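[1] After the sequence you'll find the predicted model.
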Amino acid sequence: MDPRKEFHPDFDPPHVVDLVNEVISHLAPFSALILTIILVVFFCVRYYLFENFLMRKCYGSRYLNLNEVNRRGFVNHHVAGAAKIVMLVAGAYPFIDVTFGNATMHTRYAGSKIVTLGDVLIVLNQLFIAMYIFELFYRAKLSPIAVAHHIGAIMIAQSSVAMSLNWQHERDATIEFDLCFVWGAFDIVAEFWPHIAIIMYRLYPTDHHILCRIFLFSCITTFAGTVFETVIIMWLFGSLWHRWTLPFKIVTPILHVVFSAAQLWGAKNFHSMWLKQRRLLKEQVSATEHRASHMRESNIRDATNA
């Protein structure tokens, strides 16, 4: 009897439970070359497209008047946001089909005769890694929590590829690679809105009404995304329990706690920013009402004297 159904006859495990441990993609040995190419593309997009054209064309003085720290952060949010859109559009189909559908890593991608789902996932894995490497090198200022999160994500994502190269002796290789994409998928979706929030904060620092709503929404989505991510990760982790080796049974929950702590820290920061914007909005409304009241009293006095 299937050990997954011994005590739960109606249990319907996700497709990833039945994935065969095999080579993920024939591109895996070239992951370093793929990463190098993507980093070069990041440089060209950042330097030639964003900094020397789009930022100046779209934002003008609002971009040029930013100090160096904020300007680098502003550009990085555009680069990271664009990268996440590419990963979401290109990776949604192969990720869902492999994890919850009926495909394997060697299923052809969208009818292609050459490209497989594993090929696409390997490239997106390196794009994900390149995004965080770029931020670590480019940003002028990063919090210790962000540094720990980025380094952890880079090491785990790249380790999953390294394990796949030795899949004959790594029983967890394929399922670990797929589980990394579950983390990455939530990272892309839940943390996309904060990019928009910070961009708006740099463009409209005095529009407290809009910023108040944006920061509140960012706080809610980041917190809700972390909770939902935890539910999905633990469900998959439990479903795969019979396949994990002992080290991964211990390490995986610890890693998830670390990543969740970083995300909750981000939610806390957005909550603080929301409180600040709400206070500034109240002060702005109070000052406007005070000026209006003063003008009314002045008009009444002028009318009486006349």
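    It's in.
[2] mind checking which helix or strand residue 113 is in?
    Take DSSP states H and E as the rule and residue 113 turns out to sit in neither a helix nor a strand.
[3] tally of neighbours for it?
    6 (other Cβ atoms under 10 Å). Heads up, the C-betas are built off the backbone N, CA and C, glycines and all.
[4] Please apply the same query to residue 26.
    A count of nearby residues for residue 26, using other Cβ under 10 Å, gives 12.
[5] Also residue 200?
    By other Cβ under 10 Å, the residues close to residue 200 number 16.
[6] Can you classify it by secondary structure?
    Reduced to three states with DSSP: H, G, I helix; E, B strand; the rest coil, the structure at residue 200 is helix.
[7] wait, isn't it in contact with residue 211?
    Yes - with contact defined as Cβ atoms under 8 Å, residue 200 reaches residue 211; the gap is 6.7 Å.
[8] Neighbours of the closest residue to residue 108 other than its chain neighbours, how many?
    Leaving aside its chain neighbours, residue 108 sits nearest to residue 116 (6.0 Å; criterion: Cβ to Cβ, 6 or more residues apart in numbering). Look at residue 116: counted by other Cβ under 10 Å, it has 21 neighbours.
[9] show me what contacts residue 116?
    Shown in contact with residue 116 (Cβ atoms under 8 Å, 6 or more residues apart in numbering): 25, 105, 106, 107, 108, 109.
[10] Quick check: residue 258 touching residue 148?
    Yes - with contact defined as Cβ under 8 Å, residue 258 reaches residue 148; the gap is 7.4 Å.
[11] Which one of the contacts of residue 116 is nearest to residue 50?
    Looking at the contacts of residue 116 and their distance to residue 50, the nearest is residue 109, at 29.2 Å (Cβ to Cβ).
[12] wait, that closest one sits on residue 122?
    No - under the criterion of Cβ under 8 Å, residue 109 lies out of contact with residue 122, with a separation of 11.6 Å.
[13] quick one: which of these two has more around it?
    Just comparing residue 109 and residue 122: by other Cβ under 10 Å the higher neighbour count belongs to residue 122, 24 against 19.
[14] Give the residue from residue 258 and residue 148 that has the larger number of neighbours.
    Set residue 258 next to residue 148 and count neighbours by other Cβ under 10 Å: residue 148 wins out with 16 against 12.
[15] quick one: contacts for the more buried one?
    In this structure, residue 148 makes contact with 258, 262, judged by Cβ under 8 Å, 6+ apart.
[16] Next secondary structure element downstream of the helix or strand where it lies?
    Under the criterion DSSP H and E, the helix or strand holding residue 148 is helix 144-165. Where DSSP H and E defines the elements, the next helix or strand beyond helix 144-165 is helix 173-190.
[17] what pLDDT, on average, does that next one get?
    The average pLDDT within helix 173-190 is 84.
[18] how about low-confidence regions in the stretch 201-306 of the chain?
    Counting by pLDDT under 70, the stretch 201-306 of the chain has low-confidence residues at 289-290, 292-294, 297-306.
[19] Name the residues of stretch 42-62 that are buried.
    Using 16 or more other Cβ atoms under 10 Å as the burial criterion, the residues of stretch 42-62 that qualify are 42, 45, 46, 50, 51, 55, 59.
[20] I'd like to know which of these are part of helices.
    When the buried residues of stretch 42-62 are checked against helices using DSSP state H, the ones located there are 42, 55, 59.
[21] Just list the residues touching the nearest residue to the second one once chain neighbours are set aside, thanks.
    Closest residue in space to residue 55, ignoring its immediate chain neighbours: residue 63 at 4.6 Å, by Cβ to Cβ, 6+ apart. Taking Cβ under 8 Å, 6+ apart, we find residue 63 in contact with 55, 56, 71, 74.
[22] Distance check, residue 63 against residue 69.
    Residue 63 sits 14 Å away from residue 69, taking Cβ to Cβ, to the nearest Å as the criterion.
[23] All set now, cheers.
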